[in-house]
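> sequence? don't have it. structure:
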Ligand SMILES: Cc1cc2nc3c(=O)[nH]c(=O)nc-3n(C[C@H](O)[C@H](O)[C@H](O)COP(=O)(O)O)c2cc1C
């Protein structure tokens with residue numbers, strides 16, 4: 001059994017929808033799955049100033065928050081983040097920067113890592129965001145598993161670096177959700193193959 005953790009930050013629900021689809025894909029691939037949100041650090045004033053943000057915070061109040069144990073437990077970790085000026089959201093970065101003890105103990109190495117994102121516009125920095133996430137996976141000694149063009153859905157969704165949704169097109173539809181499910185399935189399948197190879 002492969003353990004898969006999906007860790008995401010989402011302000012207005014887009015990346016949350018992709019994360020749910022990724023969790024479905026990982027489950028379907030036979031993994032034991034934890035879906036975890038990154039704790040919100042924005043001020044209540046900032047959140048309340050955008051009704052769709054406040055609504056999403058309220059709707060996901062019951063979603064468990066990511067802890068370091070969710071990383072240590074996993075064989076596969078998928079990270080989801082909105083694009084923020086071409087980079088991962090600071091909330092997710094702040095969580096990643098609490099992992100130094102696990103990293104130092106070698107407990108983040110040899111896991112499968114993959115990332116997914118959303119941005120307002122098609123050229124708004126999706127790839128730079130996913131590559132920025134991967135910088136950290138390199139430091140952790142991770143096995144980076146991108147979706148590439150390894151499934152027909154990738155020729156529709158079109159991003160070999162990781163699932164990425166354009167918010168201007170509306171909420172994630174079947175192509176983006178299917179791409180997220182596929183990406184998670186592929187990550188779990190590769191983790192299972194690695195585990196088998198190590199036995
Ligand atoms: C501070 C900030 C920076 C952003 N930077 C970009 C950007 O560089 N390119 C882009 O297309 N969208 C940008 N966006 C839009 C977000 O990527 C978009 O709102 C997000 O993907 C929606 O995901 P969510 O619903 O999960 O929060 C930015 C939004 C904020 C608040």
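Sure thing, it's come through. Not measured: the values here are computed from a predicted model.
> give me the buried positions along stretch 27-43.
Across stretch 27-43, burial judged by 16 or more other C-beta atoms under 10 Å covers 27, 29, 31, 33-38, 40. Every residue, glycine included, has its C-beta placed from N, CA and C.
> now that stretch: mean pLDDT?
Stretch 27-43 carries an average pLDDT of 97.
> could you work out the end-to-end span of that stretch for me?
One end of stretch 27-43 to the other measures 34 Å (C-alpha to C-alpha, to the nearest Å).
> anything in it near the ligand?
No: legend: contact between stretch 27-43 and the ligand by C-beta under 6 Å from any ligand atom is lacking; minimum distance shown is 9.5 Å.
> quick check: residue 80 touching residue 6?
Yes: proximity of residue 80 to residue 6 meets the contact threshold set by C-beta atoms under 8 Å, at 7.0 Å.
> which residues do those two both contact?
Common contacts of residue 80 and residue 6 (C-beta atoms under 8 Å, 6 or more residues apart in numbering): 19, 22.
> how near is the closest residue to the ligand within the chain to residue 188?
Proximity of the chain to the ligand (C-beta to the nearest ligand atom) peaks at residue 124, 2.0 Å away. According to C-beta to C-beta, to the nearest Å, residue 124 stands 29 Å off from residue 188.
> quick one: which of the two has more around it?
Shown here are residue 124 and residue 188; by other C-beta atoms under 10 Å, residue 188 has more neighbours (28 against 19).
> for residue 139, give me its contacts.
Counting by C-beta under 8 Å, 6+ apart, residue 139 touches residue 103.
> which pLDDT value goes with it?
98.
> okay, buried residues for the helix or strand containing it please.
Using DSSP states H and E, residue 139 maps to helix 126-140. If you call a residue buried by 16+ other C-beta under 10 Å, then helix 126-140 has these buried ones: 126-130, 132-134, 136-137, 140.
> just put these in a markdown table and tack on distance to residue 106.
Formatted as a markdown table, the buried residues of helix 126-140 follow (distance: C-beta to C-beta, whole Å):
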| residue | distance to residue 106 |
| --- | --- |
| 126 | 31 |
| 127 | 30 |
| 128 | 29 |
| 129 | 27 |
| 130 | 25 |
| 132 | 23 |
| 133 | 20 |
| 134 | 19 |
| 136 | 15 |
| 137 | 15 |
| 140 | 9 |
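> keep the residues you listed, but drop any that are not near the ligand.
Okay, of those, nothing touches the ligand (C-beta under 6 Å from any ligand atom).
> from these, pick the one nearest residue 48.
Top of the list for closeness to residue 48, among those and by C-beta to C-beta, is residue 129 at 26.3 Å.
> and the closest one, what does it touch?
Residue 129 sits next to 81, 83-84, 86-88, 115, 117, 119 when contact means C-beta under 8 Å, 6+ apart.
> distance check, it against residue 5.
Using C-beta to C-beta, residue 129 is found at 19 Å from residue 5.
> residues from this structure in reach of the ligand?
Counting by C-beta under 6 Å from any ligand atom, the chain sits next to the ligand at 10-16, 82-86, 118-121, 124-125, 167.
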